[in-house]
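A.B. asks: No sequence on hand, only this structure:
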């Protein structure tokens, strides 16, 4: 059977989409999936309001880091959301259905699907535009819904689908396919590294029942961010915190957030089940933006509220331990000029903005802010999971990440702190592609260097 990737109007082929059998009637399939999602979720309520309020005033345009670079009207958030609103109004409202029968116009076709496939993956879902919309429309949410529908048709980036498949169906149950034995060996390696570099004894507890915290880090950290994990482990040890890592399920990553709500729920429930299995009192999330947001904002929807343990970011916990005197940092260790990148999933709602800065200011003398920052920060350019799609690296760094490069360059910083696995990868690639001489670190990397014990 012939297969192909979904083509854009320009004829460019989506090489980063999974190849699936060509469907004879993609428009009908799109509408069937859309109808099922509307029936079994609360998206209909949201779309009914948003599609009535949408004004296309384009005030969101200059909040979008992609549009600011391209100046392409199709990159304006309200235009992109309008693609889905039009289909909703035409096919799922009484007025639209009547109008279609009277005039025979407005029906969805293959070109509409191709345009949405391109538009929804040019968006980083950073939700910066939401701050400026006078009607309060969350265009990032509409991007997620559009991707959700497309993913059920098989139109989804290969990297995302492969990672989620391993997490839900693979032997290792994590996105990097790390076996539990490898995790155990890596934790032993971390203990040795801490012993040699800091001359302190740290024992990373595994499968400890009844601990205060069960710790979930993005599994990629176990491959690429050893310093971040050493910093977190050292802080927890110095402060005598009761914590554990489970070898049954240990991945904080949840790419379902980026393209499929059904998969988001299934992955989140695995984290919740492991927490209950070890009877942990709280869930501690490592340096990861989207993992923090999923645990904080979405876990309550996939559990009985009475059995949901509190969710705590490692940034919150470290700040609490620092201000209570459990952790002490040497202000003479870090002399370089340092700036801080706000991961969108942590900062856009105002959740984790002041805590990391208070930690930084407690031991880093030469700290400089980007502009803008906090809730209005610019996305790194790899948001919405696009950072894992290596085929679009040029778009990510040269277009979606250009504003972040301009920010970094303006600070003159030698180190940029990014407490998020995806942001770290994206920022390193921006530095490489622009020849920017800046190191990308996690906050706990620097905490580990300055930690007194």
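C.D. replies: Now that the structure is in, tell me what you want to look at. The shown structure was predicted, so the numbers you read here are calculated from the model rather than taken from an experiment.

A.B. asks: average pLDDT across stretch 175-186?
C.D. replies: Summarised as a single mean, pLDDT over stretch 175-186 is 96.

A.B. asks: List the contacts of the closest residue to residue 446 other than its chain neighbours.
C.D. replies: Closest residue in space to residue 446, ignoring its immediate chain neighbours: residue 334 at 5.8 Å, by C-beta to C-beta, 6 or more residues apart in numbering. Every C-beta, even on glycine, is put in place using the N, C-alpha and C of the backbone. By C-beta atoms under 8 Å, 6 or more residues apart in numbering, the contact set of residue 334 is 363, 364, 365, 366, 415, 446, 449, 450.

A.B. asks: so of those residues, which ones are in helices?
C.D. replies: Counted as lying in helices by DSSP state H, out of the contacts of residue 334, are 363, 446, 449, 450.

A.B. asks: Just name the closest of those to residue 143, please.
C.D. replies: Among the ones in helices among the contacts of residue 334, residue 446 lies closest to residue 143 (C-beta to C-beta), at 33.5 Å.

A.B. asks: does the closest one really touch residue 359, like I thought?
C.D. replies: No - taking C-beta atoms under 8 Å as the definition, residue 446 is not a contact partner of residue 359, at 9.2 Å.

A.B. asks: what's near enough to touch residue 365?
C.D. replies: Contacts were defined as C-beta under 8 Å, 6+ apart; by that measure residue 365 touches 331, 334, 335.

A.B. asks: let's go with 10 Å and repeat that
C.D. replies: When the contact criterion is C-beta atoms under 10 Å, 6 or more residues apart in numbering, the partners of residue 365 are 331, 332, 334, 335, 336, 337, 338.

A.B. asks: picking that back up, any quick PyMOL command for the buried ones out of the contacts of residue 334?
C.D. replies: Selecting the buried subset of the contacts of residue 334 in PyMOL, with 16 or more other C-beta atoms under 10 Å as the burial test, is done by:
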select buried, resi 363+364+415+446+449+450
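
A.B. asks: Out of the contacts of residue 334, which comes closest to residue 405?
C.D. replies: Ranking the contacts of residue 334 by separation from residue 405, with C-beta to C-beta as the measure, puts residue 415 on top at 15.8 Å.

A.B. asks: right, and the closest one touches residue 440 too?
C.D. replies: Yes - under the contact definition of C-beta atoms under 10 Å, residue 415 touches residue 440, with a separation of 7.9 Å.

A.B. asks: Now the phi/psi pair for residue 285, please.
C.D. replies: phi -100, psi 140 (degrees, to the nearest 10).

A.B. asks: need the strands for the stretch 151-300 of the chain, in chain order.
C.D. replies: For the stretch 151-300 of the chain, the strands defined by DSSP state E, counting those that start in this stretch occupy 213-216, 243-244, 282-285.

A.B. asks: Quick check: which ranges of this protein have low pLDDT?
C.D. replies: In the prediction, the chain carries residues with pLDDT under 70 at positions 1-23, 305-306.

A.B. asks: State which helix of it is the longest.
C.D. replies: As far as residue count goes, and with DSSP H defining each element, the longest helix of the chain is helix 180-198.

A.B. asks: Would you mind listing the buried residues in it?
C.D. replies: Those buried within helix 180-198 under the rule 16+ other C-beta under 10 Å are 180, 183, 186, 187, 190, 191, 193, 194, 198.

A.B. asks: elements contacting that helix?
C.D. replies: The contact analysis (3 or more C-beta pairs under 10 Å, 6 or more residues apart in numbering; DSSP states H and E) places helix 180-198 against helix 221-224, helix 226-238, helix 443-450, strand 451-452.

A.B. asks: run the last query once more with 6 Å
C.D. replies: In this structure, helix 180-198 packs against helix 226-238, with contacts taken as 3 or more C-beta pairs under 6 Å, 6 or more residues apart in numbering; DSSP states H and E.

A.B. asks: what packs against the helix it packs on?
C.D. replies: Contact analysis of helix 226-238 by 3+ C-beta pairs under 6 Å, 6+ apart lists helix 180-198, helix 443-450 as its packing neighbours.

A.B. asks: One more pass at 8 Å, please.
C.D. replies: The criterion is 3 or more C-beta pairs under 8 Å, 6 or more residues apart in numbering; DSSP states H and E, and the helices and strands that helix 226-238 contacts are helix 180-198, helix 221-224, helix 314-323, helix 443-450, strand 451-452.

A.B. asks: List of residues touching the third one?
C.D. replies: So that's helix 314-323. When contacts are taken as C-beta under 8 Å, 6+ apart, the neighbours of helix 314-323 outside the stretch itself are 213, 232, 235, 239, 241, 284-287, 327-329, 346, 352, 355-356, 358-359, 362, 419, 443-444, 447.

A.B. asks: quick one: which of the contacts of residue 365 is nearest to residue 219?
C.D. replies: Distance ranking of the contacts of residue 365 against residue 219, using C-beta to C-beta, places residue 338 first at 27.1 Å.

A.B. asks: tell me how far the ends of stretch 372-391 are from each other?
C.D. replies: In terms of C-alpha to C-alpha, to the nearest Å, the two terminal residues of stretch 372-391 are separated by 29 Å.

A.B. asks: Give me the buried stretch members for that stretch, please.
C.D. replies: Within stretch 372-391, the residues scored as buried using 16+ other C-beta under 10 Å are 373, 375, 377-389.

A.B. asks: just stretch 422-441 next, same as before
C.D. replies: Within stretch 422-441, the residues scored as buried using 16+ other C-beta under 10 Å are 422-431, 434, 438, 440-441.

A.B. asks: Present the residues you listed as CSV; the columns should include distance to residue 65 and secondary structure.
C.D. replies: Listed next are these as CSV, based on distance: C-beta to C-beta, whole Å; DSSP: H, G, I helix; E, B strand; the rest coil:
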residue, distance to residue 65, secondary structure
422, 15, helix
423, 14, helix
424, 18, helix
425, 17, helix
426, 12, helix
427, 14, helix
428, 18, helix
429, 15, helix
430, 12, helix
431, 17, helix
434, 15, helix
438, 18, coil
440, 18, strand
441, 23, strand
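
A.B. asks: one step back: select only the buried ones of the contacts of helix 314-323 in PyMOL?
C.D. replies: Here is the PyMOL command that selects the buried residues among the contacts of helix 314-323 (16+ other C-beta under 10 Å):
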select buried, resi 213+232+235+239+241+284+285+286+287+327+329+346+352+355+356+359+362+419+443+444+447
